[in-house]
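>>> Got a predicted structure here, sequence first:
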Amino acid sequence: MPSAGDSRLIRRCWDSSLVFCIAAALAALTLDAAESSGVPREFRQRVWTTDQGLPHNTVRAVLQTRDGYLWIATQRGLARFDGLKFAVFNHLKDPAFVSDDCTRLAEDSADWPKSTGHAWMGRRNSAPV
């Protein structure tokens, strides 16, 4: 006849097995949802660095504009990401950039009466552009 200690051990193993099965089922559902999301694999990259084209690895601000571009502010310039590659804007590519140290990003609101849809960039020691 099993002892009370054996019953607790069997119960603990059963509980652990049940938790594992539930976690495995949830993981499978999550993976299945990610695969069926229709997002191409080239857009599933999670980390972008200077190796992929960012001007600097420290990102200070991110903005997605109405046209779908991602704008990324760094201390070495501004980058526009189209989903595949970065276009970099800084003093090396445009002499009008007095300061590459981008700190803030904003876009005109569609709710404003005179909205232009322009993106605005704040830079350290410089007026917004």
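Nice, thanks for sending it over.
>>> Tell me the bridge partners for residue 78.
Bridge pairing for residue 78 (DSSP bridges) gives the partners residue 73, residue 89.
>>> looking at it, it is touching residue 69, isn't it?
No. Taking contacts as CB atoms under 8 Å, residue 78 lies outside contact range of residue 69: 11.2 Å. Where you see a C-beta, it was placed from the backbone N, CA and C, and this is true even at glycine.
>>> So for those two, which sits in the more crowded spot?
More crowded of residue 78 and residue 69, by other CB atoms under 10 Å: residue 78, with 24 against 16.
>>> Can you tell me how far the more buried one is from residue 71?
For residue 78, the distance to residue 71 equals 6 Å [CB to CB, to the nearest Å].
>>> same thing with residue 50?
Relative to residue 71, and taking CB to CB, residue 50 is found at 17 Å.
>>> low pLDDT regions in this protein?
1-45, 109-129 (pLDDT under 70).
>>> and residue 80, what does it touch?
69, 70, 71, 72, 86, 87, 89 (CB atoms under 8 Å, 6 or more residues apart in numbering).
>>> helix/strand/coil for it?
Here residue 80 is strand, with the state taken from DSSP: H, G, I helix; E, B strand; the rest coil.
>>> Against residue 98, how distant is it?
19 Å.
>>> what do you get for residue 68?
29 Å.
>>> Can you report how many residues neighbour the nearest residue to residue 74 once chain neighbours are set aside?
Spatial nearest neighbour of residue 74, chain neighbours left out: residue 56 (3.8 Å); criterion: CB to CB, 6 or more residues apart in numbering. Counted with other CB under 10 Å, residues neighbouring residue 56 total 20.
>>> Wait, a strand at residue 56?
No. Counting by three-state DSSP, residue 56 is not part of a strand but coil.
>>> Backbone dihedrals for residue 50, please?
Reported as degrees, to the nearest 10, the phi and psi values for residue 50 are phi -60, psi -20.
>>> Please report how far it lies from residue 66.
Using CB to CB, residue 50 is found at 28 Å from residue 66.
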